[in-house]
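Novice: pasting a predicted model and its sequence here:
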Amino acid sequence: MCKDSLNRRGLSLVELIITMTILLIVLAVGYPFYHFGTRTASVGEDQSNIQRDIRLNGDFITKELRNATEIEIVPSASEGSGDTDNQYFYLENNNIMHKTNANPTNPSTFTNRNILSLTFTLQQTAAGNNFVTFIVSGQEGTQTYSVESQVHLNNLTGLPAATGTVIRYKR
């Protein structure tokens, strides 16, 4: 046997304990930063999702209503059952629903069951311009978001003021 192989030593118990202690201290200091970072990323993702859903729906509602030829606030979307000329926006099961004349029995939805409220208000200015204001509020996780938007109705005049949660229109 070689003399060098007999003199080689591994780690002593003291060296091993010191190494493990240093490693545990580094992990104990680093874990809160990791936890904070992942929690912040999760909250940021929730906020981004709810903002995206509400803004996309707001843009779609604006595009649909801006050039409507008829519009009114109605008590419910079922009022026009079998109605193939009108379209509707309303809230059902935390989704914004869009019932179209092409498919009146199967309305489209564009959200992920995260919308809390949807309100429409028809109003007329002193100059005779008609507007519809809608407010959409939603929540994803602990993050809430709300958007209020006003749409000038290009093709309509003389509408009565009204507020409700279902709007019927023709394009």
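Specialist: Received, thanks.
Novice: how many residues are close by residue 37?
Specialist: For residue 37, the neighbour count with other Cβ atoms under 10 Å is 10. From N, CA and C alone the C-beta is placed, and that goes for glycine too.
Novice: lowest confidence element among the helices and strands of the chain?
Specialist: Within the chain, confidence by mean pLDDT, DSSP states H and E is lowest for helix 3-7 among all helices and strands, at a mean of 57.
Novice: which SSE is immediately downstream of that helix?
Specialist: Counting by DSSP states H and E, the element after helix 3-7 in chain order, helix or strand, is helix 13-66.
Novice: tell me what that next one is packed against?
Specialist: Packing contacts for helix 13-66, counted by 3 or more Cβ pairs under 8 Å, 6 or more residues apart in numbering; DSSP states H and E, involve strand 87-92, strand 95-99, strand 115-124, strand 130-140, strand 143-152, strand 166-170.
Novice: mean pLDDT, distance to residue 71 and mean neighbour count for the ones you listed - can I get that in a markdown table?
Specialist: Converted to a markdown table, the helices and strands packed on helix 13-66 look like this (pLDDT from 0 to 100; distance: least, Cβ to Cβ, whole Å; neighbours: other Cβ atoms under 10 Å):
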| stretch | mean pLDDT | distance to residue 71 | mean neighbour count |
| --- | --- | --- | --- |
| strand 87-92 | 92 | 10 | 20 |
| strand 95-99 | 91 | 14 | 21 |
| strand 115-124 | 94 | 7 | 18 |
| strand 130-140 | 94 | 7 | 19 |
| strand 143-152 | 94 | 10 | 15 |
| strand 166-170 | 93 | 4 | 21 |
